[in-house]
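Asks: What follows is a protein structure lacking sequence information:
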């Protein structure tokens, strides 16, 4: 595994649980969240400024809807956040589905449906699910009996979905039908050694290789899902690396979120910038993230 590259500090901030990195190709900004601080963040690399929106409860992830709206996953459901006013309106009530749990990571599929997973607040085994939400507000449960539903991506040909349930230390693949949002044929494509850390957020590059933030792993690892092998590791000066997204005008910069929680006193001294944003130019390009496809009458 190639370990020559190290990520650089991009924006110094003491996020508790930075997560949900997503590059908005239209506005050229990085969307990310701090789950425990209950904030949506939009980082503009041109001005090196970070705009913060407070949310009423913990925020698991974010996807863009338009230049003025974003879809955010909160503790009791999915909301539309107005980026001009900062106000939120609940799009789908999930209180019944999320008893003792909260929404966690998620992304939009090639047709703009929002796939978002949950996790139990005490991380109890088998209490999490993966849901799919379309633009009409219709919610469908896709996977059950998960524990910490996390990274999710789709291949360029729209035929395969990759998914992470963190404690399994696996990346699973599913046959994916974009017309119907049907997944089938679950299989393990990557087994991740414990000494790599635990797989968290995930993105995909133009070669359909997978980039995974490693909790307790001090880095981002690029995996080949066809061989199951780790190809490359980006060293990150933070113990808990949570998510990553390709950005920049040419989609050749990998932005990386980190956390400052769950660290020993020794680790806190060793990684003073934990919780910050980092970046690296890894030599491969990403793909534009999908927006949520919300009809204008909703």
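Replies: Great, that's in hand. For clarity, every value in this text was computed on a predicted model and none was experimentally measured. Residues are numbered from 1 along each chain as shown.

Asks: Help me confirm that residue 267 is found in a strand?
Replies: No: counting by DSSP: H, G, I helix; E, B strand; the rest coil, residue 267 falls outside a strand, being helix.

Asks: Quick check: chain neighbours aside, which residue is closest to it?
Replies: Leaving out its chain neighbours, the residue that sits closest to residue 267 by CB to CB, 6 or more residues apart in numbering is residue 239, at 4.8 Å. In this view, the C-beta of every residue, glycine as well, is placed from N, C-alpha and C.

Asks: go on, residue 74?
Replies: residue 57 (4.8 Å).

Asks: residue contacts, the one you found?
Replies: 38, 74-76, 102 (CB atoms under 8 Å, 6 or more residues apart in numbering).

Asks: Parallel or antiparallel, which strands does the longest strand seen in the chain pair with?
Replies: Ranked by residue count under DSSP state E, the longest strand found in the chain is strand 182-191. When sheet partners are counted by DSSP bridges, strand 182-191 sits next to strand 170-177 (antiparallel).

Asks: Which residues does the strand it pairs with contact?
Replies: Applying CB under 8 Å, 6+ apart, the external contacts of strand 170-177 come out as 109, 151, 154, 158-165, 182-192, 199, 202, 210, 212, 223, 225.

Asks: burial count for the nearest residue to residue 44 once chain neighbours are set aside?
Replies: Of all residues not flanking residue 44 in the chain, residue 29 sits nearest, at 5.2 Å (CB to CB, 6+ apart). Residue 29 sits with 22 neighbouring residues when counted by other CB atoms under 10 Å.

Asks: could we number from 6 for the rest of this?
Replies: Done: numbering now begins at 6, and the last item shifts to residue 34.

Asks: can you pull up the bridge partners for residue 34?
Replies: Residue 34 has these beta-bridge partners by DSSP bridges: residue 29.

Asks: likewise the one 10 residues further on?
Replies: Residues found in beta-bridge contact with residue 44 (criterion: DSSP bridges) are residue 39, residue 59.

Asks: Repeat that for the one 10 residues further on.
Replies: With DSSP bridges as the criterion, the beta-bridge partners of residue 54 are residue 49.

Asks: That one contacts residue 48, correct?
Replies: Yes: applying CB atoms under 8 Å, one finds residue 54 in contact with residue 48, separated by 7.5 Å.

Asks: Pull out the buried residues from the longest strand of the chain.
Replies: By neighbour count with 16 or more other CB atoms under 10 Å, strand 187-196 contains the buried residues 188, 194-195.

Asks: And for stretch 235-244?
Replies: Quick answer for stretch 235-244 (16+ other CB under 10 Å): 235-239, 241-244.

Asks: quick revisit: okay, residue 54 and residue 48: which has more neighbours?
Replies: Ranked by neighbour count (other CB under 10 Å), residue 54 and residue 48 place residue 48 first, with 23 against 11.

Asks: Just the pLDDT for the more buried one.
Replies: In the predicted model, residue 48 carries a pLDDT score of 98.

Asks: Return the residues in contact with the closest residue to residue 280 other than its chain neighbours.
Replies: Counting by CB to CB, 6+ apart, residue 265 is the residue found nearest to residue 280 once chain neighbours are left out, at 3.5 Å. With contact taken as CB under 8 Å, 6+ apart, residue 265 is in contact with 19-22, 243, 245, 273, 279-280.

Asks: Columns secondary structure and pLDDT on top of the residues you listed, output as JSON lines?
Replies: Compiled in JSON lines, these are given as follows (DSSP: H, G, I helix; E, B strand; the rest coil; pLDDT from 0 to 100):
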{"residue": "19", "secondary structure": "coil", "pLDDT": "97"}
{"residue": "20", "secondary structure": "coil", "pLDDT": "98"}
{"residue": "21", "secondary structure": "coil", "pLDDT": "98"}
{"residue": "22", "secondary structure": "strand", "pLDDT": "98"}
{"residue": "243", "secondary structure": "coil", "pLDDT": "98"}
{"residue": "245", "secondary structure": "strand", "pLDDT": "98"}
{"residue": "273", "secondary structure": "helix", "pLDDT": "96"}
{"residue": "279", "secondary structure": "coil", "pLDDT": "98"}
{"residue": "280", "secondary structure": "coil", "pLDDT": "98"}
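
Asks: These, buried ones only, as a PyMOL selection?
Replies: In PyMOL syntax, the buried subset of these is picked out as below (16+ other CB under 10 Å):
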select buried, resi 20+21+22+243+245+279+280
